[in-house]
Structures are given as structure tokens and as C-alpha cells.
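# fold the following.
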Amino acid sequence: MRTKKIQIILIAGALLLFVLLFIAPKTAPSKGNHVSEQSETNLAPNANLEMYLTMAVKALEPNKKQALDKLVNAKDYDSAQVFWDKLKRPDLASHYAEESAKENNGAEQWLKAGNRYYYAIQFTQDKTEIPVLYQCATRCFEKCLALDDKNTDAKIMLASCYVEGSSNPMQGVSLLREVEQADSNNVKMQLAFAFFSVKSGQLDKAITRFNKVLKIDSTYIEAYLHLADAYEQQGDEHNTIEVLKKYAAKTNDVTARIEIGKYIKQLEQHHGTH
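Numbering: from 1, shown residues only. Just a heads-up that it's a prediction; the model follows:
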């Protein structure tokens, strides 16, 4: 049975956690890779987190509720985001990122709000909230593009929402193709294609994409971990070991290097028995 060691290492250190949160598309904690068509189509374009926010506010201690009310009444939405981040509710912090975007109505503010919703999906414990977060993220990215139709980051993130959180993933693939035609060396676009290929079981295509990422940006060494993971899923222990060695030689993360070294030894012992 294939281990999950590489995937564990991917989220083991602050640097790698940052990369995973802010680059890699997430897999929602539900069966299958996409939100069901029923969940997605039952949501209106103005879907929001009001129900989840109301429940969370009711559960607050009186002094914390008072502090939040003060921030909201003052329209200090940046501080309201920090408030919920400290309580480990990035989903609710996302709500106030969107409120801030409504006030400023700038493309970058909408992109930030969309990113906030999208990254919060990784942490939500309530599966009913996942399609709502995708819908909210989609709305924000669309508003960003309405103001700046050449915003590549927004196109890539919107594509991620379509592929992962809607019943029409090909709409997202089309968006990525559009970005690729304009800039084939866009690392985020290549990564998005690679992750989508992994999720759909097209490992050869994923490997090609991860290798292209490394050709474009040799400093993006986390791509070695994703590449090793793809090789391991194929049962290719030789290439898994070689790629992990390259990562270990380049990383400055001592903890990750130690863990990688241990895992390489395990793989070499297993590989030697075959």
C-alpha cells in the first residue's frame, strides 16, 4: 500500500505549509474531487456565510462579541479578519475580506477576498459550507476580472473554482488554456494544470507539468516534492528517490531535509528487496 509520507512532509514546516496554502489547489474533504452538481446548482450567485457567521457569533464570549461588534460598526474589516483568524476561522475572516472589497471595489481587493474564501476551504470542518465557499470565491474572482480582465492570477484562481467546485470543470480548463496561450511560462498556471492532472489520475501529464515548473523556476523546489509524489503514485520508486534527493540537496528547511532523508532510506530498503 502506498504511503502518504511525502504528502505529510509537504505540510510539515512553515515554509511548505505556506506554499501549500497559497499555491496549490485544494481537495475538498468530501467524496470525489468536485462538489456535487446538486450542491453547486442549488446555490444562488449571492450565496454567503451569514448563517455560519451568526452561529459563530452566538457562541462567542460576551467580551469578544462586544469587540467584534465594535469593529464591524466602525467598518474596520481588516481588524475583523484578524479577529476571526485568531479564532482559527479563516472562513469567517473571508466574509470580512469581501466586505472590505465592497467598500474599496478594487480589483486587488476582490482578488484578495476570493483567495481568502478559496484557501479557507482547506480548513472548514463543515462539509455543507464547502460549496458556499467555492461560490463566494467564484463571485469575488469574477468581480476582480470585471474590473481587470487581464488579471492572470484571478483567471487561474477562477479556473480552480470551476474545476474543483462546480459541475463544469472544463470551463476552468478553458480558462487555463487561455492563460497558457498568453504566457506558457506562468508558473501558477503550470502548477494548476499539474494538480488537476494529479486529481484526474493523469500522472504522466502531471509529471510533465511539474518538470516544466522546475525548468521555468528552478528555485521553486517544492515542485520536487509534488513530482516525487506523482512518481510514487505510479509505483516508480527509482525516480521517486532521485527526485527526493534533489529536493533534500536544495532545501534550507532542516526538518524537511531530515524527514526526507529518513523516507529515502525506507524507499531504498524497499527498492533493494525487489
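# below-threshold pLDDT in this protein: ranges please.
1-44, 271-274 (pLDDT under 70).
# how is it partitioned into domains?
What automatic domain parsing lists as the domains of the chain is 1-25+184-274, 38-166.
# I'd like the ones you listed as JSON lines, with mean neighbour count and distance to residue 172 appended.
Any C-beta I mention is one placed from the backbone N, CA and C, and that applies to glycine too. Formatted as JSON lines, the domains of the chain follow (neighbours: other C-beta atoms under 10 Å; distance: least, C-beta to C-beta, whole Å):
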{"stretch": "domain 1-25+184-274", "mean neighbour count": "17", "distance to residue 172": "8"}
{"stretch": "domain 38-166", "mean neighbour count": "18", "distance to residue 172": "3"}
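# residue 175: which of these is closest?
Of all those, domain 38-166 sits nearest to residue 175, with 3.9 Å by C-beta to C-beta.
# nearest to residue 176, out of the domains of the chain?
Across the domains of the chain, closest to residue 176 is domain 38-166 (C-beta to C-beta), at 4.8 Å.
# re earlier: got a markdown table for the domains of the chain, with distance to residue 176 too?
Shown next, in a markdown table, are the domains of the chain (distance: least, C-beta to C-beta, whole Å):
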| stretch | distance to residue 176 |
| --- | --- |
| domain 1-25+184-274 | 6 |
| domain 38-166 | 5 |
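# element containing residue 97, please.
Taking DSSP states H and E as the definition, residue 97 sits inside helix 90-104.
# quick one: the very next helix or strand once past that helix to helix 90-104, angle?
As assigned by DSSP H and E, the chain's next helix or strand after helix 90-104 is helix 107-120. Interaxial angle of helix 107-120 relative to helix 90-104 (axes from the mean of the first three to the mean of the last three C-alpha atoms, to 10 degrees): 170 degrees.
# alpha carbons of helix 107-120, in CSV - could you do that?
C-alpha atoms of helix 107-120 as CSV (Å, rounded to 0.1, in the frame of the first residue of the first chain):
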residue,chain,number,x,y,z
ALA,A,107,-9.5,44.5,-8.5
GLU,A,108,-6.8,43.6,-6.0
GLN,A,109,-9.3,43.8,-3.1
TRP,A,110,-11.6,41.4,-4.9
LEU,A,111,-8.7,39.1,-5.7
LYS,A,112,-7.7,39.0,-2.0
ALA,A,113,-11.2,38.3,-0.9
GLY,A,114,-11.5,35.4,-3.5
ASN,A,115,-8.2,34.0,-2.3
ARG,A,116,-9.4,34.1,1.3
TYR,A,117,-12.5,32.2,0.5
TYR,A,118,-10.6,29.7,-1.6
TYR,A,119,-7.9,28.9,1.0
ALA,A,120,-10.5,28.6,3.8
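# helices or strands next to that helix in the packing?
Contacts defined by 3 or more C-beta pairs under 8 Å, 6 or more residues apart in numbering; DSSP states H and E place helix 107-120 against helix 14-22, helix 90-104, helix 130-147, helix 152-165.
# now do stretch 136-152: distance to the chain's middle.
Offset of stretch 136-152 from its chain centre (C-alpha atoms, centre = their mean, to the nearest Å): 17 Å.
# should've said stretch 199-216
17 Å.
# please apply the same query to stretch 161-180.
So, by C-alpha atoms, centre = their mean, the centroid of stretch 161-180 is 15 Å from its chain's centroid.
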